[in-house]
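J.: Give me coordinates for this.
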Amino acid sequence: MLDELFGLKGEVAVVTGAGRGIGEGIAKVLAGAGAAVVCAARRTDEIDRVAAEIVEAGGRAIAVTTDVTDPAALERLARAAIDGFGRLDIWVNNAGGSPLQMPLTQLPRSEWDATLALNLTAIWESSRIAAGLMEDGGRIVNISSLAAETVIPGSGHYGAAKAGVNMLTRVFAQELGPRIRVNCIMPGAVPTEIMMKAMKLTDADLPRLEKMLRLPAGRLGTPRDLGATTLYLCSRASEWVTGQCLRISGGG
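T.: This is a model prediction of the structure:
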């Protein structure tokens, strides 16, 4: 029964930003459920490591170095999935982030453009390419942020991009359904490298952050938490779920 609901055996998933943090967690959970995973990111050494660890654990994975802001690179990534594993069923748009916190009135135009290119335009481009290659039953999962709905001073550029991701999710779900389901996850506080850098935190600061947030779940999030939610949205357990933006935040 659980395999019927949550198993991904025989399916092929692309995960962008898979070299560390949330993307790594997603790639490993999907692989553990039986999917062949294409790990994509700009840092070749990181995705090589993740793919190797998946294979060592008995799964199937390849690494494809990809800059998601380059449409030609995205085309190559999609083709690598089909060439390597014969099909494309799942695409997880996880790559993103912004290491800079600054009031909008002081933000350089170059940073605004770069943030939208990485966090919004790349998701539109990736989803368009993936949808063109998926058979009926395809799934796209976008990783957004609570910043899409919550005002975070200094992160207006990032929040605006992620709010756009939420709307892209809803529109793609309408335009691609019922052939392809499209959903979105808004993570809360998960101490990834990019979050730590943006908030100027160290590991020593995490207990204080956890205490300050007072999350009903009692702890900060982990990449595995986000991987588990992604698995749900990619599995048959969520066949009647599309166009949704889920807050996965420990209750925050």
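J.: Is residue 230 in contact with residue 183, as I believe?
T.: No. Using C-beta atoms under 8 Å, residue 230 makes no contact with residue 183, being 9.2 Å away. To be clear about C-beta, it is placed using only N, CA and C from the backbone, and glycine gets the same treatment.
J.: which neighbours do those two share?
T.: Each of residue 141 lies in contact with both residue 230 and residue 183 under the rule C-beta atoms under 8 Å, 6 or more residues apart in numbering.
J.: Name the spans of this protein whose pLDDT lies under the cut-off.
T.: Applying pLDDT under 70 to the chain flags residues 193-201, 205-207.
J.: Tell me where it has helices.
T.: 2-6, 21-32, 44-56, 71-85, 109-116, 122-133, 156-176, 193-198, 206-213, 223-234 (DSSP state H).
J.: ranking these by burial, who's on top?
T.: Highest mean neighbour count of the helices of the chain: helix 21-32, a mean of 26 (counted as mean count of other C-beta atoms under 10 Å).
J.: Next, the angle from it to helix 223-234.
T.: 50 degrees (axes from the mean of the first three to the mean of the last three C-alpha atoms, to 10 degrees).
J.: now helix 21-32 against helix 44-56, angle please.
T.: 30 degrees.
J.: Can you spell out which helices and strands pack onto helix 21-32?
T.: strand 12-16, strand 36-41, helix 44-56, strand 60-65, strand 90-93, helix 223-234 (3 or more C-beta pairs under 8 Å, 6 or more residues apart in numbering; DSSP states H and E).
J.: how about TSV for these, with distance to residue 175 added?
T.: Listed next are the helices and strands packed on helix 21-32 as TSV, based on distance: least, C-beta to C-beta, whole Å:
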stretch	distance to residue 175
strand 12-16	20
strand 36-41	24
helix 44-56	30
strand 60-65	27
strand 90-93	15
helix 223-234	18
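J.: rewinding a little: want to throw the helices of the chain into TSV with distance to residue 94?
T.: Shown next, in TSV, are those (distance: least, C-beta to C-beta, whole Å):
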stretch	distance to residue 94
helix 2-6	20
helix 21-32	4
helix 44-56	12
helix 71-85	13
helix 109-116	16
helix 122-133	10
helix 156-176	11
helix 193-198	11
helix 206-213	22
helix 223-234	9
